[in-house]
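Asks: Sequence and predicted structure are below.
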Amino acid sequence: MTQSIAPKDANKAIGSPPSSEQSIQSAERGERRLREGGGWLMLYFLLQAELGLAWDRNWHDFIGRDQFWIPPHILIYSGIGVAGLIALIVVLMETLRYRRHVPGVDDASTVQVLRYFHAPLGYMLLGFGALTDLCAAPFDNYWHELYGIDVTLWSPFHLMGTFGGIMIGFGIIYLFASEATYARKIENRARLLGLTSAEWGMLIFFAAFLEFGLPALTAFTAIPLGPWQLPTYPIPLTIGSVVLFIAAIQVTRRVGAATIMACLLVLLSLMTQSFVPFALNIAVTHFGAVFRASVGVPVFNITLVLIAVLLCACALMLDGAAYWQFQHNAKRMMEEGIQNAWVFGVGVALLLLFVPALIIQTIIHLFPMLPFPKDILLVITPDWSSMLLVLPVMVVIGLGSTWLGFTFGDIWRWNER
């Protein structure tokens with residue numbers, strides 16, 4: 001028995017033009033794909049640039065700096081350059097789509113720059129950050145030609161590049177945050193471990209951003225004060241880890257987000273520390289270079305990996321507190337995120353003040369023949385009296401970092417631009 005088709009259904013079956021509502025929804029889905037797809041492409045090239053930066057730091061340490069076009073520089077600047085080019089293309093496309101009043105591209109989802117351009121805030125920040133880094137490159141090269149080998153963070157154009165890198169970081173975070181905000185409005189959106197693809201993008205970059213800060217163990221040297229040597233390396237490590245771990249939970253409202261991020265950090269650290277000695281040895285073989293006698297040969301930097309493992313343990317504690325809160329008041333946890341994480345911030349600050357020196361001394365005592373990076377041995381010494389003097393400062397930094405984690409986490413949670 002055949003069933004008659006109503007005229008309305010018949011039109012649909014034949015293929016009538018889509019309604020205006022369907023067209024709007026289709027255009028908005030296209031907008032989401034454009035922004036998030038561009039974000040994942042840029043994330044890949046930024047991870048490439050970060051790997052190149054780790055290689056470059058060690059290249060300067062172990063080989064020196066004879067020219068600009070060395071392999072790690074190519075890896076860095078090609079990654080930044082392509083990411084910046086993607087940002088530029090999307091900004092121009094979004095400006096054109098804004099002018100044409102495409103659904104999903106309006107004042108609520110874009111920002112205005114230079115009175116003409118309209119694009120997502122993340123793409124704007126990332127584009128300006130990439131431009132800053134690329135502009136810093138020739139000036140940094142000239143600085144090296146004038147003053148020779150300089151691997152410290154504190155030269156002017158290294159600081160310019162660092163500022164550009166921070167701007168790039170905020171750009172990619174805001175980009176994924178806005179897409180995560182839109183994705184949460186879709187009930188049937190695909191998720192992995194309870195996280196949307198945009199939230200995964202944020203956690204991957206959080207981990208990469210924190211791994212970028214692990215070399216602070218040697219970049220931030222002690223400050224002499226009379227008979228004391230006041231350690232400074234715990235400051236950037238505390239700020240980065242506390243802010244990003246708390247922000248991970250605040251953004252996603254998911255128990256386990258901080259631990260996932262920390263596991264990604266350990267994985268990235270293992271990959272970087274395995275790649276760098278291998279790449280340096282290959283470079284010496286193929287380019288006819290030699291390692292500087294004063295530095296020795298590159299080795300697997302187990303210290304940085306163990307610091308990442310330590311941070312993984314800290315993340316587990318934070319997620320444990322989040323799980324306890326979720327069990328007692330799930331609604332509040334989903335609405336406000338984790339509560340009363342101040343103890344976590346202070347605890348991480350104190351752990352990062354005392355534990356790295358303990359790790360190094362323990363390894364030296366148990367495995368005296370294990371090759372160790374000389375810069376770590378020179379910078380981190382267990383001067384307990386100096387550490388006790390720094391302790392009140394670290395408590396304040398831990399509390400301030402906790403507040404920043406809550407603040408930025410909530411901002412990124414609700415960001416739609």
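Replies: Good, I have the coordinates.
Asks: okay, now the nearest residue to Gly169 once chain neighbours are set aside: neighbour count?
Replies: In space, and not counting its chain neighbours, Gly169 is closest to Phe209: 5.2 Å by C-beta to C-beta, 6 or more residues apart in numbering. In short, each C-beta sits where N, CA and C put it, glycine included. Phe209 has 23 neighbours, counted by other C-beta atoms under 10 Å.
Asks: Which strand or helix spans Phe209?
Replies: Element membership for Phe209, per DSSP states H and E: helix 197-213.
Asks: State the mean pLDDT of that helix.
Replies: The pLDDT scores in helix 197-213 average 92.
Asks: chain center to it: distance?
Replies: Mean C-alpha position of helix 197-213 versus that of the full chain (C-alpha atoms, centre = their mean, to the nearest Å) differs by 4 Å.
Asks: I'd like the next helix or strand past that helix.
Replies: The helix or strand immediately downstream of helix 197-213 is helix 216-219, counting by DSSP H and E.
Asks: list the helices and strands that next one packs on?
Replies: In terms of contacts (3 or more C-beta pairs under 8 Å, 6 or more residues apart in numbering; DSSP states H and E), helix 216-219 is packed against helix 234-252, helix 302-328, helix 374-379.
Asks: Pick the most deeply packed of those.
Replies: With neighbours taken as mean count of other C-beta atoms under 10 Å, the helices and strands packed on helix 216-219 reach their highest mean count in helix 234-252, at a mean of 26.
Asks: what angle sits between it and helix 197-213?
Replies: Between the axes of helix 234-252 and helix 197-213, defined by axes from the mean of the first three to the mean of the last three C-alpha atoms, to 10 degrees, the angle is 180 degrees.
Asks: same question for helix 234-252, mean pLDDT?
Replies: Mean pLDDT, helix 234-252: 93.
Asks: how far is it from where the chain is centred?
Replies: 11 Å.
Asks: The residue nearest to Gly169 and Leu244 touch, don't they?
Replies: Yes: using C-beta atoms under 8 Å, Phe209 is in contact with Leu244, at 6.7 Å.
Asks: And the average pLDDT for stretch 123-133 is what?
Replies: Over the span of stretch 123-133, the pLDDT mean works out to 91.
Asks: Give me the contacts around that stretch.
Replies: 35, 38, 42, 77, 80-81, 83-84, 87-88, 90-91, 94, 111, 113, 117, 160-161, 163-172, 174-175 (C-beta atoms under 8 Å, 6 or more residues apart in numbering).
Asks: Same check on stretch 331-348?
Replies: When contacts are defined by C-beta under 8 Å, 6+ apart, stretch 331-348 is touched by residues 238, 241-242, 245-246, 249-250, 253, 255, 311, 314, 317-318, 321-322, 325-326, 395, 398-399, 401-402, 405-406, 409-410, 413.
Asks: wouldn't Ile204 be in contact with Leu264 here?
Replies: Yes: using C-beta under 8 Å, Ile204 is in contact with Leu264, at 5.9 Å.
Asks: can you list the weak-confidence ranges in the stretch 301-417 of the chain?
Replies: Scanning the stretch 301-417 of the chain for pLDDT under 70 picks out 370-382.
Asks: pull the CA atoms of the helix holding Phe209 into PDB?
Replies: Output of helix 197-213 as PDB, limited to C-alpha atoms (Å, rounded to 0.1, in the frame of the first residue of the first chain):
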ATOM      1  CA  SER A 197      38.000  19.400  19.500                       C
ATOM      2  CA  ALA A 198      38.400  23.100  20.300                       C
ATOM      3  CA  GLU A 199      38.900  22.200  24.000                       C
ATOM      4  CA  TRP A 200      41.500  19.600  23.000                       C
ATOM      5  CA  GLY A 201      43.200  22.300  21.000                       C
ATOM      6  CA  MET A 202      43.400  24.600  24.000                       C
ATOM      7  CA  LEU A 203      44.800  21.800  26.300                       C
ATOM      8  CA  ILE A 204      47.400  20.900  23.700                       C
ATOM      9  CA  PHE A 205      48.600  24.500  23.500                       C
ATOM     10  CA  PHE A 206      48.400  24.900  27.300                       C
ATOM     11  CA  ALA A 207      50.800  22.000  27.500                       C
ATOM     12  CA  ALA A 208      53.100  23.300  24.700                       C
ATOM     13  CA  PHE A 209      53.100  26.800  26.300                       C
ATOM     14  CA  LEU A 210      54.100  25.300  29.700                       C
ATOM     15  CA  GLU A 211      56.800  23.100  28.100                       C
ATOM     16  CA  PHE A 212      58.100  26.300  26.400                       C
ATOM     17  CA  GLY A 213      58.700  27.600  30.000                       C
END
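Asks: quick one, it and helix 302-328 angle?
Replies: 140 degrees.
Asks: In terms of secondary structure, what does helix 197-213 contact?
Replies: Under the contact criterion of 3+ C-beta pairs under 8 Å, 6+ apart, helix 197-213 touches helix 20-62, helix 156-183, helix 234-252, helix 257-287.
Asks: Dump those helices to JSON lines, plus distance to Leu125.
Replies: Shown next, in JSON lines, are the helices and strands packed on helix 197-213 (distance: least, C-beta to C-beta, whole Å):
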{"stretch": "helix 20-62", "distance to Leu125": "12"}
{"stretch": "helix 156-183", "distance to Leu125": "3"}
{"stretch": "helix 234-252", "distance to Leu125": "16"}
{"stretch": "helix 257-287", "distance to Leu125": "21"}
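Asks: Please identify the most buried of those helices.
Replies: Of all the helices and strands packed on helix 197-213, helix 234-252 carries the top mean neighbour count, a mean of 26, counting by mean count of other C-beta under 10 Å.
Asks: Which other helices and strands does it contact?
Replies: When contacts are defined as 3+ C-beta pairs under 8 Å, 6+ apart, helix 234-252 packs onto helix 156-183, helix 197-213, helix 216-219, helix 257-287, helix 302-328, helix 342-366, helix 384-414.
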